[in-house]
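Participant: my questions are about this predicted structure, shown below with the sequence.
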Amino acid sequence: MKSVKYLEMVRTKFNLKTDVALAAKIGITKSAVGNYSKGIRVMDEETCLAVAMALEVNPLDVMMAAGIDRAEKTGQKSLWEVFSQRTAQAAGIAIFGIVTLLVTPTPAEATQTLKNSNLSVYIM
């Protein structure tokens, strides 16, 4: 139940002690909170959006977790899992590219560094 962790994150972030308080925060019923927590039901898109807004996270992450939970309930392999792995790979590549750009000096900076260095090359 990957989507339930987002409900628990809302509960923790706002220090909500009861299901009633959690339900009021995201605009659902107390019984819906109980059903989601016990795995009886999986959050719908509206609830996923409300949870994402409360946590200030990307709604796609919450919807992806709910989609995976929904597929697991029916015993199917979820395409959301494949999608989440691909987005994680893409994010890793993007981060690597950004770090490389930040660390690599511009040609002008590199030229200055070479002019100021006392490196000598000796060929024998």
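Facilitator: Everything's here; your move.
Participant: C-alpha only now, for contacts and for neighbours.
Facilitator: Will do.
Participant: my read is that T47 contacts I26, right?
Facilitator: Yes - taking CA atoms under 8 Å as the definition, T47 is a contact partner of I26 at 7.3 Å.
Participant: okay, now the unreliable bits of the protein?
Facilitator: Within the chain, the segments meeting pLDDT under 70 span 77-92, 94-97, 99-122, 124.
Participant: need the helices for this protein, in chain order.
Facilitator: For the chain, the helices defined by DSSP state H occupy 4-13, 19-26, 30-38, 45-55, 59-74, 79-103, 107-116.
Participant: okay, buried residues for the fourth one please.
Facilitator: Spelled out, it's helix 45-55. T47, C48, L49, A50, V51, A52, A54, L55 (16 or more other CA atoms under 10 Å).
Participant: mind putting those residues in a markdown table, distance to L7 included?
Facilitator: Shown next, in a markdown table, are the buried residues of helix 45-55 (distance: CA to CA, whole Å):
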| residue | distance to L7 |
| --- | --- |
| T47 | 10 |
| C48 | 9 |
| L49 | 12 |
| A50 | 10 |
| V51 | 7 |
| A52 | 10 |
| A54 | 10 |
| L55 | 9 |
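Participant: ok, and the closest non-adjacent residue to D19?
Facilitator: What sits nearest to D19 in space, not counting adjacent residues and going by CA to CA, 6 or more residues apart in numbering, is K30, at 5.7 Å.
Participant: what about V10, how many neighbours?
Facilitator: By the measure other CA atoms under 10 Å, the count of residues near V10 is 19.
Participant: just list the residues touching it, thanks.
Facilitator: Counting by CA atoms under 8 Å, 6 or more residues apart in numbering, V10 makes contact with L16, L22, V51, A54, L55.
Participant: next one: L49
Facilitator: So L49 contacts P59, V62, M63 (CA under 8 Å, 6+ apart).
Participant: and with 10 Å instead?
Facilitator: Contacts for L49 (CA atoms under 10 Å, 6 or more residues apart in numbering) come out as I26, M43, L55, E56, V57, N58, P59, L60, D61, V62, M63.
Participant: joint contacts of T47 and I26?
Facilitator: L7, M53.
Participant: so which of the contacts of V10 is the closest to V4?
Facilitator: Using CA to CA, the shortest approach to V4 within the contacts of V10 belongs to V51, at 10.4 Å.
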